[in-house]
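In: Sequence first, then the predicted structure:
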Amino acid sequence: MNTIKLYFVAFFTYFGVDVAYQVAFGMRYMERQWASAGIADIKYAEANSLMFVYMLLFFAMIAVANLRLCIVPAIEAKSVKKAMHDGLLLGVTAYGTLGLTCGWTIDGFSPSIVVAFIVEGGAFSLVCSGFTTWFALRKQAT
């Protein structure tokens, strides 16, 4: 499977998992966390074109990172387990960097929010890298 197709599988897998989680659980959970921490004024921005540009750039960047750092090496090793392990590490690192930075710079940003960020990032990249690798290896086998 060529790199461009892999990229789009990774992009849409990550996007789908993240959005489904946020709609089903994440946004409401974070709003409750922010309110209980006394920082309810930190909330989701009203939809505007700049927000969508930022979101698109984020999903583009995280898909590239998953592809280059997790998926391609795992395909070469023919290991979905490697993809999932590396994806978990990438997600924990990326979201941990955000969560920990917010934790030390935003007054009232609780440890439970930091942990939630880290768990979310690890899970999203694990699923993205694991699924995309599994899909590519399955295509190679046929």
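Out: In hand now; what should we look at?
In: now do the same end-to-end measure for stretch 103-122.
Out: Taking Cα to Cα, to the nearest Å, stretch 103-122 runs 18 Å from one end to the other.
In: Tell me the buried residues in that stretch?
Out: Buried residues in stretch 103-122, defined by neighbour count with 16 or more other Cβ atoms under 10 Å: Gly103, Phe109, Ser110, Ile113, Val114, Ala116, Phe117, Ile118, Glu120, Gly121, Gly122. Quick note: C-beta positions are derived from backbone N, CA and C, even for glycine.
In: Now intersect those with the helices, please.
Out: Of the buried residues of stretch 103-122, the ones assigned to helices by DSSP state H are Gly103, Ile113, Val114, Ala116, Phe117, Ile118, Glu120, Gly121, Gly122.
In: Now do the contacts for Trp104.
Out: Contacts here follow Cβ atoms under 8 Å, 6 or more residues apart in numbering; on that basis Trp104 touches nothing.
In: Let me know the helix or strand that Leu6 is in.
Out: helix 3-21 (DSSP states H and E).
In: Keeping just the C-alphas, turn that helix into CSV.
Out: Extracted C-alpha coordinates of helix 3-21, given in CSV (Å, rounded to 0.1, in the frame of the first residue of the first chain):
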residue,chain,number,x,y,z
THR,A,3,2.3,6.1,1.5
ILE,A,4,-0.5,8.4,0.5
LYS,A,5,-3.1,5.8,1.0
LEU,A,6,-1.6,4.9,4.3
TYR,A,7,-1.7,8.5,5.3
PHE,A,8,-5.4,8.9,4.5
VAL,A,9,-6.2,5.7,6.4
ALA,A,10,-4.3,7.0,9.4
PHE,A,11,-5.8,10.5,9.1
PHE,A,12,-9.4,9.3,9.0
THR,A,13,-8.9,6.6,11.6
TYR,A,14,-7.5,9.1,14.1
PHE,A,15,-10.1,11.7,13.2
GLY,A,16,-12.9,9.2,13.5
VAL,A,17,-11.8,7.8,16.8
ASP,A,18,-11.1,11.3,18.3
VAL,A,19,-14.4,12.8,17.2
ALA,A,20,-16.5,9.7,18.2
TYR,A,21,-14.9,9.8,21.6
